[in-house]
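> Generate a structure from the sequence data that follows.
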Amino acid sequence: MAMKNFSMKKLYYSISEVSRICDLEQYVLRYWETEFEQLKPAKNSSGNRIYTNKDIKMILLIKKLLKEEKYTIEGAKKILKNYNVGDDGVEKSDMNVVDVQKQKAGELSLFDSQQGAAETAVMEESEKDSDKMVEDLKEMRKFLEELYNQLDD
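The predicted model follows:
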């Protein structure tokens with residue numbers, strides 16, 4: 001893999017620059033725009049996409065979820081609904097993943113009142129998954145902070 005050049009700090013990057021920085025094909029970036037509502041780069045007067053550092057962080061987070069963590073696109077969308085990529089990294093929103101999972105487990109009980117034990121098991125497993133997800137997101141935040149610091153240099 002070629003070494004990426006993070007020496008230039010810019011406000012906006014072209015799709016070809018982002019493609020090189022993120023090690024993704026341009027068509028993948030364009031496709032992800034159609035799938036992830038959080039990824040909406042602006043366009044310049046010529047109609048070309050212009051990406052910000054925040055867009056690049058979101059792309060790297062999506063890439064990590066899909067390629068490294070092996071989430072499906074739908075799974076990654078669910079995770080990204082609960083997280084925002086800000087200028088200082090990944091931030092958790094008001095509703096956390098455990099609350100979402102407990103809410104889903106509660107919805108199951110509305111349909112079948114005999115699922116109490118199964119519901120408890122699902123919630124316990126969800127909490128374990130949630131703990132792992134939190135740890136993974138902390139690791140992603142550290143990675144993104146390191147990348148952001150490289151972009152600042």
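> how about stretch 19-26: buried residues?
19, 21-22, 24 (16 or more other Cβ atoms under 10 Å). For glycine as for every other residue, the C-beta is placed from the backbone atoms N, C-alpha and C.
> and what of stretch 48-58?
Of all the residues in stretch 48-58, those buried under the rule 16+ other Cβ under 10 Å are 49-53, 55-58.
> can you list those in CSV and add secondary structure and distance to Asn82?
Formatted as CSV, these follow (DSSP: H, G, I helix; E, B strand; the rest coil; distance: Cβ to Cβ, whole Å):
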residue, secondary structure, distance to Asn82
Arg49, strand, 26
Ile50, strand, 27
Tyr51, strand, 23
Thr52, coil, 22
Asn53, helix, 22
Asp55, helix, 19
Ile56, helix, 21
Lys57, helix, 16
Met58, helix, 14
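> Please narrow the buried residues of stretch 19-26 to those residing in helices.
Among the buried residues of stretch 19-26, the residues falling in helices (DSSP state H) are 19, 21-22.
> Let me have the residues you listed in a markdown table, adding distance to Ile73 and pLDDT as columns.
Shown next, in a markdown table, are those (distance: Cβ to Cβ, whole Å; pLDDT from 0 to 100):
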| residue | distance to Ile73 | pLDDT |
| --- | --- | --- |
| Ser19 | 19 | 95 |
| Ile21 | 22 | 93 |
| Cys22 | 17 | 95 |
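> Any idea which helix or strand in this structure has the lowest mean pLDDT?
Ranking every helix and strand in the chain by mean pLDDT, DSSP states H and E puts helix 97-111 at the bottom, with a mean of 41.
> What is the neighbour count of Lys40?
Number of residues near Lys40 (other Cβ atoms under 10 Å) recorded here: 11.
> Go ahead and confirm it touches Arg30.
No: with contacts counted by Cβ atoms under 8 Å, Lys40 stays clear of Arg30, the gap being 11.8 Å.
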